[in-house]
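Q: Structure for this input, please:
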Amino acid sequence: MAVTDLKQTPLHNLHLELGAKMTAFAGYLMPLQYTKGIIHEHLHCRSQVGFFDISHMGQCRILGDNAASALEKLTPGGLVDLAVGAQKYTVLTNDDGGVIDDIIVTRTEFGLSIIVNAGCKEKDFTYLKQQLADDCQFEVCADLVLFALQGPAAVSLLGKYAADITCLGFMHSCATQIGGVDCVVSRCGYTGEDGFEISLHQDHAEQLARLLLAEPNVEPIGLGARDTLRLEAGLCLYGHELSDNISPIEARLQWLIKKGHQNYPGANVILKQMQQGAERIRVGLLIDSKIPVREGSVLHDAEANVVGFVSSGSFSPSLSRPVAMALIGRNYADIGTVLYATVRNTRIAVTVSRLPFVPHRYQR
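A: Numbers count the residues shown, from 1 in each chain. Here you go, the predicted model:
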């Protein structure tokens, strides 16, 4: 796709003003990093507050009294018991037990609000329109943008502008104002840190971004650090640890399956995997080298048998060493198992590790 064909978020000019190096991602021109680099941005988010423009993500609503029960038929996660303001992470599944997308669902007074992945939003919107019951109203919220404030100082910073957000529990949301701008703020994120996601109308995007970035301990964070942060936190990325042919059980997301729920696409496959175990599962890997082992690298045992592949891999700024996640045969998934990857004709030992690599600091 040519650069001229890429979409831009409402903060595009601000990103350039801040010295962003831009890159193509999911049909958008997005900031990869800013002038201080990925490692600095990563560590700043872990120690202070990072500001993320995630307006490329898709936002939509399902309205109506039966919105929750209708969507629950498309996902293994329970939604009908969600209280207003509560959120749930779940997945849309296909008939083979694979994942169409992973989504965040929020119960609202009028139905459900949903955030979907940027690269999946058009197929998700089409799918939801086709599958939802006639008594539900589906709306794409193309006029909304999404920011994230992540890091240990996020709550004290945002609390200066909206005191009500300090009382929010993890995976809960509320409507409020920040600097006079109407927003919906959710206590959630994709870094493993405490923090918030902020949904607001695009007309106020730059106003609010400049307000937050003017705070002395806030710095902008690009896609590069967003990826290393979520990798350290052991969080799945669609197209890597989740896909049309990777089930939630293989991705070790069995905790999101609602007990007794059997009425959703692929339930027969997923429930069988829950009972008998999946043939392959997601694991963490510590890399015994300074060389990162990247996505797609094939993994072998000591006898050179293929046992799986790396789904995500990078340098961990927090641990000062490369780490990775992989899908491997369950017989090789015990903590401490040593496997091997080949990078530039060099055999590198990797050790199966617990996830996350860096402990989560969500506000429970």
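Q: Now do Leu74 against Leu253, distance only.
A: Look at Leu74 and Leu253: by C-beta to C-beta, to the nearest Å, they are 16 Å apart. The C-beta positions use only the backbone N, C-alpha and C, and glycine is treated the same way.
Q: got a pLDDT number for the spatially most central residue of the chain?
A: Centroid-nearest residue in the chain: Tyr190, 5.0 Å away (criterion: C-alpha atoms, centre = their mean). We have a pLDDT of 98 for Tyr190.
Q: now do Ala2
A: 64.
Q: nearest residue to Val184 other than its sequence neighbours?
A: Among residues not flanking Val184 along the chain, Ser199 sits closest, at 4.6 Å (C-beta to C-beta, 6 or more residues apart in numbering).
Q: Break down the stretch 1-150 of the chain into its strands, ranges please.
A: 7-8, 21-25, 28-33, 49-53, 58-63, 87-93, 99-108, 111-116, 137-140, 144-150 (DSSP state E, counting those that start in this stretch).
Q: Now distance to Gly169 too, for these, in a markdown table please.
A: Putting the strands of the stretch 1-150 of the chain into a markdown table (distance: least, C-beta to C-beta, whole Å) gives the following:
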| stretch | distance to Gly169 |
| --- | --- |
| strand 7-8 | 34 |
| strand 21-25 | 31 |
| strand 28-33 | 30 |
| strand 49-53 | 20 |
| strand 58-63 | 22 |
| strand 87-93 | 10 |
| strand 99-108 | 13 |
| strand 111-116 | 17 |
| strand 137-140 | 27 |
| strand 144-150 | 17 |
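Q: Turn those strands into JSON lines, including distance to Ala333, mean pLDDT and mean neighbour count.
A: Below are the strands of the stretch 1-150 of the chain laid out as JSON lines (distance: least, C-beta to C-beta, whole Å; pLDDT from 0 to 100; neighbours: other C-beta atoms under 10 Å):
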{"stretch": "strand 7-8", "distance to Ala333": "40", "mean pLDDT": "98", "mean neighbour count": "14"}
{"stretch": "strand 21-25", "distance to Ala333": "31", "mean pLDDT": "98", "mean neighbour count": "16"}
{"stretch": "strand 28-33", "distance to Ala333": "33", "mean pLDDT": "98", "mean neighbour count": "22"}
{"stretch": "strand 49-53", "distance to Ala333": "32", "mean pLDDT": "98", "mean neighbour count": "25"}
{"stretch": "strand 58-63", "distance to Ala333": "33", "mean pLDDT": "98", "mean neighbour count": "20"}
{"stretch": "strand 87-93", "distance to Ala333": "21", "mean pLDDT": "98", "mean neighbour count": "23"}
{"stretch": "strand 99-108", "distance to Ala333": "20", "mean pLDDT": "98", "mean neighbour count": "23"}
{"stretch": "strand 111-116", "distance to Ala333": "30", "mean pLDDT": "98", "mean neighbour count": "23"}
{"stretch": "strand 137-140", "distance to Ala333": "39", "mean pLDDT": "97", "mean neighbour count": "15"}
{"stretch": "strand 144-150", "distance to Ala333": "30", "mean pLDDT": "98", "mean neighbour count": "24"}
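Q: who's in contact with Ser353?
A: Val283, Gly284, Leu285, Leu286, Val323, Ile335 (C-beta atoms under 8 Å, 6 or more residues apart in numbering).
Q: out of those, which one sits closest to Met22?
A: Using C-beta to C-beta, Val323 is the member of these that lies nearest Met22, at 26.7 Å.
Q: And the strand or helix carrying that closest one, what's buried?
A: Using DSSP states H and E, the element containing Val323 is strand 321-329. Within strand 321-329, the residues that count as buried by 16 or more other C-beta atoms under 10 Å are Pro322, Val323, Ala324, Met325, Ala326, Leu327, Ile328, Gly329.
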